[in-house]
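# How does the following fold in three dimensions:
(chains A and B)
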Amino acid sequence: MSKLIKLKIDDVPSLPRHAKLRFDHARKKWIINAPERVFELDDIAGEVMQLVNGKDSLNKIIDKLLIRFEGAPREEVTNDVIIMLQSLADKGFLINE
Amino acid sequence: MNELKKVKSFSTQEKKSKTLIPYAMLCELTHRCPLSCPYCSNPVELELKSNEISTDLWKTALSDGVNIGILQAHFSGGEPTARKDLEELVNHASKIGLYTNLITSGVLITEDRLKNLYNSGLDHVQVSIQDTDPNNSEKIAGFKGHKKKIETCGLIRKVGLPLTVNAVMHRQNLHNLKNMIELAVDLDAERLEVAQVQYYGWALKNQTAFLPTREQLDIATTIVEEARIKYKGILAIDYVVPDYYAKKPKSCMGGWGRQFLNITPAGKVLPCHAAESLNFLNFDNLKEKSLSWIWEHSESFNRFRGTDWMPEPCRSCDRREIDWGGCRCQAFALTGNADATDPTCEFSPYRNVLEEPLSKAGSKNPDFIYRKYS
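Below is the predicted model:
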């Protein structure tokens, strides 16, 4: 387990133990709980984070997203996912298994 | 629950139309604590063990909290490890999806208990350290426990829990701020809270002993800014300045009754931990009302919710929904009027009430008035 610096396509991302993903019924949103802070995820980020399981590589996660969102261009999806996950990694809330 | 619905609601249509969803609950499990820090955030009137609410009532409140959208439960005190049911409560909170945080002095806890808490689902621990100088640390805490605190921090990391060091800073330890930051790094903490003393309750009694000079404050701010760059990615530093020196008031609790609630050892539900200082307000108790009812309908939570209550110049201020009128407890303590503009605001007509305490900053070091049961 090491801290991610620059996210790559064959990395296997996961949340560290102190960051927890769950669906909040009151807000009707996926959220990540972390010490003294909460990330409220939009619908797309929620979809992505549900696939971050510490087993699938970023490539595999994108494969799954492309099945889920049929017709979306791979390059665009890859870009968006990396930007989103990198911002979490920069804050220390995403690690590479 | 039908009984409860008949009780008068203080929630107006305007307040109801914007559904407020709280983020966190601070569970003050007990006021018992081996330390007697003279700036303790507990009220001056401490609750006895015999008034503490039961494990079951805490569990009901935690479950109700999840239903209204609370995401994080902070177990605090007093010293929360003084309660034998801490593991049971953490386990319950964790199972129902709450993020659990233990706020402790670290002086009572063993490695076994930390392991049990970890296995119960505890997510995070905050340990208070009074100073890096052991003698001064123990003088401030009124308790010989500095070495044990440092050991506890090591055990927390050994068990695998993330650590935040809580450093309450003031005139009598600000000279060690650099050391405190380095200590937090050495202890492998992820976060350091550098919180300047806020003057309520016990701290207000000891204000002359704690209030830093403007010069000390400026030096501290520079130290924090430099350390944030130096330890980027290693240590996150949260920094709270004493608002007596500010031009704008703090957005206290993110606004009254907007994001946060506090439960006292006796089961009273408060909009913030100092709210009982507003002695004219009635605070509902979990023994009589549910947490969700209190959040939505109670007099205390609605009294300063939103902007309707505000006087001028707050009411027409551009920042009224940024700082939500600052701090009501501070306005009441300093002006005797809980509706007054927070005196720490540069536009407050009561700004002059800060002159007297600020004029004493740095002039003398009176003996501490330690926190104790009356």
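# now the residue minimising distance to the centre of chain A, nearest residue through space, not along the chain?
Nearest to the mean C-alpha position of chain A, by C-alpha atoms, centre = their mean, lies residue A:49 at 3.7 Å. Across the structure, with C-beta to C-beta, 6 or more residues apart in numbering or on different chains as the measure, the residue nearest residue A:49 apart from its sequence neighbours is residue A:21 (5.3 Å). Every residue, glycine included, has its C-beta placed from N, CA and C.
# Now do the one helix or strand that neighbour maps to: which elements does it pack against?
When secondary structure is defined using DSSP states H and E, the element that contains residue A:21 is strand A:20-24. In terms of contacts (3 or more C-beta pairs under 8 Å, 6 or more residues apart in numbering or on different chains; DSSP states H and E), strand A:20-24 is packed against strand A:29-34, helix A:43-51.
# what inclination does the first one have with respect to strand A:20-24?
For strand A:29-34 and strand A:20-24, the angle between their directions (axes from the mean of the first three to the mean of the last three C-alpha atoms, to 10 degrees) works out to 150 degrees.
# tell me the angle of strand A:29-34 relative to helix A:43-51?
Taking the same axes, to 10 degrees, strand A:29-34 and helix A:43-51 form an angle of 60 degrees between their directions.
# where's strand A:29-34 relative to the chain centroid, distance-wise?
Between the mean C-alpha point of strand A:29-34 and the mean C-alpha point of its chain there is a distance of 11 Å (C-alpha atoms, centre = their mean, to the nearest Å).
# And for the longest one?
Here the centre of mass of C-alpha atoms in helix A:43-51, compared against the chain's by C-alpha atoms, centre = their mean, lies 6 Å away.
# Let me see the mean pLDDT of that helix.
For helix A:43-51, mean pLDDT is 94.
# Show me what counts as buried in it.
A:45, A:46, A:47, A:48, A:49, A:51 (16 or more other C-beta atoms under 10 Å in any protein chain shown).
# hang on, the earlier thing: pairing-wise in the sheet, spell out the partners of the residue nearest to residue A:49.
With beta bridges defined as DSSP bridges, residue A:21 has these partners: residue A:32.
# Tell me how many other residues crowd it.
16 (other C-beta atoms under 10 Å in any protein chain shown).
# Now do the contacts for it.
Residue A:21 makes contacts with A:15, A:30, A:31, A:32, A:49, A:50, A:52, as judged by C-beta atoms under 8 Å, 6 or more residues apart in numbering or on different chains.
# can you map out the strands along the stretch 1-150 of chain B?
In order along the chain, the stretch 1-150 of chain B carries the following strands (DSSP state E, counting those that start in this stretch): B:24-28, B:72-76, B:99-104, B:124-128.
# export the ones you listed to CSV and tack on mean pLDDT, mean neighbour count and distance to chain A?
As requested, the strands of the stretch 1-150 of chain B are exported to CSV (pLDDT from 0 to 100; neighbours: other C-beta atoms under 10 Å in any protein chain shown; distance: least, C-beta to the nearest C-beta, whole Å):
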stretch, mean pLDDT, mean neighbour count, distance to chain A
strand B:24-28, 98, 24, 9
strand B:72-76, 98, 24, 6
strand B:99-104, 98, 25, 4
strand B:124-128, 97, 24, 5
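# nearest to residue A:66, of the ones you listed?
Evaluated over the strands of the stretch 1-150 of chain B, closeness to residue A:66 peaks at strand B:99-104, with 32.1 Å, by C-beta to C-beta.
# pLDDT below threshold where in chain B?
Per-residue confidence for chain B (pLDDT under 70) gives these ranges: B:1-8, B:11-19.
# What about the residue of it found nearest chain A, how many residues nearby?
Scanning chain B for the residue nearest chain A gives residue B:69, at 2.8 Å (criterion: C-beta to the nearest C-beta). The local packing of residue B:69 (other C-beta under 10 Å) involves 20 other residues.
# wait, isn't it in contact with residue B:22?
Yes. Checked against C-beta atoms under 8 Å, the pair residue B:69 and residue B:22 is within contact range at 6.2 Å.
# which SSE is the residue of chain A most remote from its centre in?
Farthest-out residue of chain A from its mean C-alpha position, per C-alpha atoms, centre = their mean: residue A:26, at 21.8 Å. For residue A:26, there is no enclosing helix or strand under DSSP H and E.
# show me what contacts it?
By C-beta under 8 Å, 6+ apart, the contact set of residue A:26 is B:21, B:67, B:68, B:69.
# Name the nearest of the contacts of residue A:21 relative to chain B.
Distance to chain B across those (C-beta to the nearest C-beta) is lowest for residue A:31, with 6.3 Å.
# Could I get the contacting residues of the closest one?
Contacts of residue A:31 were listed using C-beta under 8 Å, 6+ apart, and they are A:21, A:22, A:23, A:24, A:38, A:39, A:40, A:41, B:71.
# what about the fifth one, distance to chain B?
The one in question is residue A:38. Distance, residue A:38 to chain B, by C-beta to the nearest C-beta, to the nearest Å: 5 Å.
# neighbours around that residue, how many?
Using other C-beta under 10 Å, residue A:38 has 16 neighbouring residues.
# Quickly find the element holding it.
Residue A:38 belongs to strand A:37-40 when assigned by DSSP H and E.
# And the longest helix that chain A contains, how far out from the chain middle?
Longest among the helix segments of chain A by residue count, using DSSP state H, is helix A:74-90. With C-alpha atoms, centre = their mean as the basis, the distance from the averaged C-alpha position of helix A:74-90 to the chain average is 8 Å.
# What backbone torsions are found at the closest residue to chain B within chain A?
The minimum distance from chain A to chain B, using C-beta to the nearest C-beta, falls at residue A:26 (2.8 Å). Backbone dihedrals for residue A:26, given as degrees, to the nearest 10, come out at phi -70, psi -40.
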